[in-house]
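*Asks:* predicted model and sequence below, questions to follow.
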Amino acid sequence: MNHQPDFYQMSRPELRKYVLSHREDDEALRIYMDRMRTEPGVTRFTLTPSQEDMKKLEEFLRAKMDK
């Protein structure tokens, strides 16, 4: 039986380490991204993506959906 860690009890660095070593775990990634968005002390950058960036993102998402 596989016991999943309690992501809410992990520190942000612990959760980051977990996410990097378990890249298929969508729930852990979602919780990590929520923390990055809401926790104080996290530097956020707002960038306007170029048309080329948007095309690459679209291609990436299409490839991800085809899997």
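*Replies:* Here it is on my side, so go on.

*Asks:* disregarding flanking residues, what is the spatial nearest neighbour of the residue nearest to the spatial centre of the chain?
*Replies:* The chain has Leu29 as the residue nearest its centroid, 4.2 Å off, counting by C-alpha atoms, centre = their mean. With sequence-adjacent residues excluded and distances taken as C-beta to C-beta, 6 or more residues apart in numbering, Leu29 is closest to Val19, at 5.4 Å. Backbone N, C-alpha and C define where each C-beta goes, glycine included.

*Asks:* my guess is that neighbour contacts Ala28. True?
*Replies:* Yes - with contact taken as C-beta atoms under 8 Å, Val19 and Ala28 are classed as touching, separated by 5.1 Å.

*Asks:* more neighbours, the two?
*Replies:* Each of Val19 and Ala28 has its neighbours counted (other C-beta atoms under 10 Å); Ala28 has more, 21 against 18.

*Asks:* which residues does the more buried one contact?
*Replies:* The contact partners of Ala28, by C-beta atoms under 8 Å, 6 or more residues apart in numbering, come to Phe7, Leu15, Tyr18, Val19, His22.

*Asks:* gap between it and Met54?
*Replies:* Ala28 is 27 Å from Met54, where distance means C-beta to C-beta, to the nearest Å.

*Asks:* re earlier: packing partners of whatever helix or strand the residue nearest to Leu29 lives in?
*Replies:* Assessed by DSSP states H and E, Val19 sits inside helix 12-21. Contacting helix 12-21 under the criterion 3 or more C-beta pairs under 8 Å, 6 or more residues apart in numbering; DSSP states H and E are the following elements: helix 26-38.
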